[in-house]
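[1] Sequence plus predicted model, see below.
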Amino acid sequence: MSAAPLLRVANLKCAFGRAEVLHGVHLEVHAGEIVSLIGANGAGKSTTLMSISRIHRQATGCIEFDGRSIAGMAPEQVVRLGLVQVPEGRRIFPRLTVRENLEMGAFTRTDRAGIAEDIDRMCGMFPILRERAGQLGGTLSGGEQQMLAIARALMSRPRLLMMDEPSMGIAPLLVAQIFRTVRDVLRAQGVTILLVEQNANAALRMSDRAYVLETGNVALSGTGAELLRDERVRAAYLGH
Amino acid sequence: MLRAAAAADQLAILALARADSLPAFASDGVLSSSEVFSQQLVTGLSNGMIIALIAIGYTMVYGIVELINFAHGDLCMLGAFFALTAVGAFALEGAGGAGGTAGLVALLLATAAFCGALNWSINRLAYRPLRSASKLSLLVSAIGASFVLVNLGLFWGGLPMEVFAGGTSAAAPKAFPALVEPKPAFTVGDVIVSRPDVLVLAVTVPLMLALTWLVRFTKLGKAMRAVAQNPTAASLMGIDVERVIGATFFIGGALGGFATVVYSIYNQTVGFQMGYRMGMDAFIAAVLGGIGNLPGAVLGGLVIGVVRAMSDGYVEARWTNAIVFGLLILILVFRPSGLLGAKLREKV
Ligand SMILES: Nc1ncnc2c1ncn2[C@@H]1O[C@H](COP(=O)(O)OP(=O)(O)OP(=O)(O)O)[C@@H](O)[C@H]1O
Ligand SMILES: [Mg+2]
């Protein structure tokens, strides 16, 4: 934990027009960690991820990945460095086949054999993707699309994967299954995770550390276990 | 220059009203009615394939940035002047045999490169800076780009002297040399398939097949479809969205370049106002087939080409535009998304 963080965000601000949504967010993710970011609707979680991915280019502040500033980079450069996002709402390419969706995930790569191997691996992790390989992405169910979105992001061989509400609209049983699969696979590959979740309980249980975002500021942070015990977190996010 | 643009506009409308008829081989000799029909069909299909190739440029650009690129027809017009200048500079006219064929291939490739590069530049200068602006601003910018190109065409093709006094001015339509002579290639019954007809097929069909392959199977093609469907997600995959858009403009422009050379050889006249006619036909074809849909653009082009030829042959050339637009309105009333436009619209 003493080494430099893999991702360091400091004083991150982001505005839409005159409305400032992030007022100076600080967070750090170390290599090998699972860190979650929780908060109410509209707190600015997705805006934070989109600012880190450089989709919101107007965002200001310090964003460092692996010791180098990515604040001036284009989104595709960030992906090439290994900082990849599974966006909120999945954003599957609806008129590309499942297989083509996976291929797009590997857009930054040129090793054909490795790509084919990874597609096979993804289909092993989520067998439904193999069954549906030739089907259009838009015809998958919500849960299947979420698995495709995660698999698609993994196709780029990320070093840090940011996931924005992967449990949204999915049955609790399936959520647990997806979480478990993802955690095990990523742990095995040494992929670091920054997880945004509404489902605070599940997120805190699987996280090493967590940040609580409240209207554009980090209100609390600590280990998953600490936050699970914290009175304010229990009252606001865990419902007891 | 402004006045020139206004004149161009009026001329274009005049040209449209006159509806210069297409060369009809049916008019000489005595043909049975079914042969007249077949002959008009050949002419219509040839023109339709040319229109289709131009329409693909509209539909690709629409698919990826949701812009009706009004400058597209005028881009083709400048391509025709480029080709005309090149024919003169390299004395391609009358060079028969293998040398002539090589010259024609070089002319096609050079004009395609010219139009592709020009379309790429137009996107870079006039559309890309407006990417986050409203679609209306983009449309207005396209109309502006169209005016600029028309004026460049006037400049290139000569300034108007007495444009309304009989068409003897420098800006009047110019003859484009018959690089492929309008002689029969072969006959089917009494129906003549001319050498220019063969040229049209030999150029358009392979290009359409190549484009289909590119869009369906190559990395660039898949990236183009991904950008069309969800640009943000495409960015998050590491796709350089602007680069893909630029490539789309280049490819669409290049196809227009191929089309304009074939069009000029087939119809043997070029003029600065031809972009209006070419652009309008191709635009209607794209909308008719379902804008954003590639096979739709080809189908729309063929429909427009054949309907034009039949109207010229059986009704009267001056009614042709009314009939084409009438057909467009009719189809849009009953199928608002065009012939092949699906409910879940496939862009690109
Ligand atoms: N493109 C935008 N334009 C204007 N306002 C925006 C935009 N995107 C987000 N906002 C505003 O920023 C605030 C934070 O939004 P954000 O999507 O980051 O919230 P969130 O924490 O992800 O919420 P949720 O849990 O509902 O996904 C909201 O008030 C939202 O209305
Ligand atoms: Mg969100």
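    Structure received. Residues are numbered from 1 along each chain as shown, chains lettered A, B, ... in the order given. Ligands and ions are numbered 1, 2, ... in the order given.
[2] what's the pLDDT at residue 169?
    As the question left the chain open, I've gone with chain A. We note a pLDDT of 75 for residue A:169 in this prediction.
[3] um, chain B though
    Reported pLDDT for residue B:169: 55.
[4] likewise the one 4 residues further on?
    What the model reports as pLDDT for residue B:173 is 77.
[5] which residue packs closest to it, ignoring adjacent ones?
    residue B:271 (3.8 Å; C-beta to C-beta, 6 or more residues apart in numbering or on different chains). C-betas here are computed from N, CA, C, even on glycine.
[6] Run a quick neighbour tally on the one you found.
    For residue B:271, the neighbour count with other C-beta atoms under 10 Å in any protein chain shown is 25.
[7] wait, isn't it in contact with residue B:156?
    No: using C-beta atoms under 8 Å, residue B:271 is not in contact with residue B:156, being 11.0 Å away.
[8] Kindly list the main-chain dihedrals of the residue nearest to residue B:173?
    phi -160, psi 160 (degrees, to the nearest 10).
[9] moving C-terminal of the one helix or strand residue A:152 maps to, what's the next helix or strand?
    Assigned by DSSP states H and E, residue A:152 falls within helix A:142-154. Once helix A:142-154 ends, the next helix or strand along the chain (criterion: DSSP H and E) is strand A:160-164.
[10] Which helix or strand lies directly C-terminal to that next one?
    Per DSSP H and E, the helix or strand that comes after strand A:160-164 is helix A:172-189.
[11] Apart from its chain neighbours, what residue comes closest to residue B:284?
    Using C-beta to C-beta, 6+ apart, the nearest residue to residue B:284 is residue B:328, at 5.2 Å.
[12] residue boundaries of the strands in chain A?
    Ranges of strands in chain A, per DSSP state E, are A:7-16, A:19-29, A:34-39, A:60-65, A:68-69, A:83-86, A:160-164, A:192-197, A:209-214, A:217-223.
[13] Ok, the stretch 101-250 of chain B next?
    Remark: strands assigned in the stretch 101-250 of chain B by DSSP state E, counting those that start in this stretch are B:174-175, B:184-188, B:191-194.
[14] Just put the strands of chain A in CSV and tack on mean pLDDT and mean neighbour count.
    Shown next, in CSV, are those (pLDDT from 0 to 100; neighbours: other C-beta atoms under 10 Å in any protein chain shown):
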stretch, mean pLDDT, mean neighbour count
strand A:7-16, 97, 18
strand A:19-29, 96, 18
strand A:34-39, 94, 25
strand A:60-65, 97, 18
strand A:68-69, 94, 10
strand A:83-86, 97, 27
strand A:160-164, 95, 24
strand A:192-197, 93, 25
strand A:209-214, 95, 22
strand A:217-223, 93, 16
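[15] For the ones you listed, give me a markdown table that also has distance to residue B:174.
    Below are the strands of chain A laid out as a markdown table (distance: least, C-beta to C-beta, whole Å):
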| stretch | distance to residue B:174 |
| --- | --- |
| strand A:7-16 | 54 |
| strand A:19-29 | 58 |
| strand A:34-39 | 67 |
| strand A:60-65 | 57 |
| strand A:68-69 | 58 |
| strand A:83-86 | 56 |
| strand A:160-164 | 60 |
| strand A:192-197 | 64 |
| strand A:209-214 | 68 |
| strand A:217-223 | 69 |
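[16] what about those, which gets the closest to residue B:258?
    In terms of C-beta to C-beta, the element of the strands of chain A nearest to residue B:258 is strand A:83-86, at 39.5 Å.
[17] Now do the helix or strand bottoming out on mean pLDDT in chain A and strand A:34-39, the angle between them.
    Across the helices and strands of chain A, mean confidence by mean pLDDT, DSSP states H and E is lowest for helix A:172-189: a mean of 79. Angle of helix A:172-189 versus strand A:34-39, following axes from the mean of the first three to the mean of the last three C-alpha atoms, to 10 degrees, is 140 degrees.
[18] quick one: contacts for residue B:51?
    Residues counted as contacts of residue B:51 (C-beta atoms under 8 Å, 6 or more residues apart in numbering or on different chains) are B:278, B:281-282, B:285, B:300-301, B:304-305.
[19] can we see that at 10 Å?
    B:204, B:259, B:263, B:278, B:280-286, B:297-298, B:300-305, B:308 (C-beta atoms under 10 Å, 6 or more residues apart in numbering or on different chains).
[20] pretty sure residue B:262 contacts residue B:199?
    Yes: taking C-beta atoms under 10 Å as the definition, residue B:262 is a contact partner of residue B:199 at 6.2 Å.
[21] Need the residues touching each of the two.
    Common neighbours of residue B:262 and residue B:199 (C-beta under 10 Å, 6+ apart) are B:46, B:108, B:180.
[22] ranking these by neighbours, who comes first?
    Most crowded among the shared contacts of residue B:262 and residue B:199, counting by other C-beta under 10 Å, is residue B:46 at 26 neighbours.
[23] Nearest residue to that one in space, ignoring adjacent ones along the chain?
    Using C-beta to C-beta, 6+ apart, the nearest residue to residue B:46 is residue B:200, at 4.4 Å.
[24] Pull the number of nearby residues for that neighbour.
    25.
[25] ok, now which ones touch it?
    B:42, B:45-50, B:53, B:180, B:194, B:259, B:262-263, B:265-266.
[26] Narrow those to those in helices?
    Among the contacts of residue B:200, the members falling in helices are B:42, B:45-50, B:53, B:259, B:262-263, B:265-266 (criterion: DSSP state H).
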